[in-house]
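> sharing a sequence plus its predicted fold:
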Amino acid sequence: MKLTVQFFLLVGMLFVGVMWGINMAENGIQRIEGNPHPSAQAFQIKKISGGKVEMEVLGRQIGSDSPLFKGQPENWLTNTGTGLRSWFVVNTRKGLEWVMKKL
């Protein structure tokens, strides 16, 4: 009984110490970086009207007519990645179907 109480007391003290350390580190980071708006979000939707979307990502305004919304870029790396993904999906599915037939 005495060992159990000591164990839980030690775990509780360590937990409080870790939480206190995380809080101190966060306050120090905010003091160094100078966080003027602690409630600022990284991603925020500003307006949705008539099928158009306006949003703010890390303080930068992006609308639905932005190049980010125009679809995938066409380059060799994107095409290679898409092809590899399709190949892996098809072959994994075939392999799993083969294994299930054998069981």
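Structure's in. What do you need? This one's a predicted model, so the numbers in the text were calculated from it and none came from an experiment.
> distance from the lengthiest helix in the chain to the middle of the chain?
Looking across the chain with DSSP state H, the single longest helix is helix 2-33. Helix 2-33 sits 25 Å away from the centroid of its parent chain (C-alpha atoms, centre = their mean, to the nearest Å).
> quick one: neighbours of residue 56, just the number.
15 (other C-beta atoms under 10 Å). Every C-beta, even on glycine, is put in place using the N, C-alpha and C of the backbone.
> surely it meets residue 42?
No - if you go by C-beta atoms under 8 Å, residue 56 and residue 42 don't touch, sitting 9.2 Å apart.
> how many residues are close by residue 57?
For residue 57, the count of nearby residues is 13 (other C-beta under 10 Å).
> that one and residue 21, how far apart?
Between residue 57 and residue 21 the computed distance is 31 Å (C-beta to C-beta, to the nearest Å).
> likewise residue 75?
Where residue 21 is concerned, residue 75 sits at a distance of 45 Å (C-beta to C-beta).
> repeat for residue 58
28 Å.
> walk me through the domains of this protein.
The record's domain split for the chain, according to automatic domain parsing, is 1-39, 41-71, 78-103.
> comparing the ones you listed, which gets the lowest mean pLDDT score?
Set side by side, those differ in mean pLDDT, and domain 41-71 is lowest with a mean of 67.
> the longest helix of the chain: which residues count as buried?
When neighbours are counted by 16 or more other C-beta atoms under 10 Å, no buried residue of helix 2-33 is found.
> going forward, begin numbering at 55 instead of 1
Sure, I'll start counting at 55 from here, so that last one is helix 56-87.
> residue 128 in helix, strand or coil?
coil (DSSP: H, G, I helix; E, B strand; the rest coil).
> residues near it, how many?
For residue 128, using other C-beta under 10 Å, the count is 7.
> and it, how close does it get to residue 134?
Taken as C-beta to C-beta, the span from residue 128 to residue 134 is 12 Å.
> number of nearby residues for residue 150?
Residue 150 has 10 nearby residues by other C-beta under 10 Å.
> roughly how far apart are it and residue 143?
11 Å.
> ditto for residue 116
30 Å.
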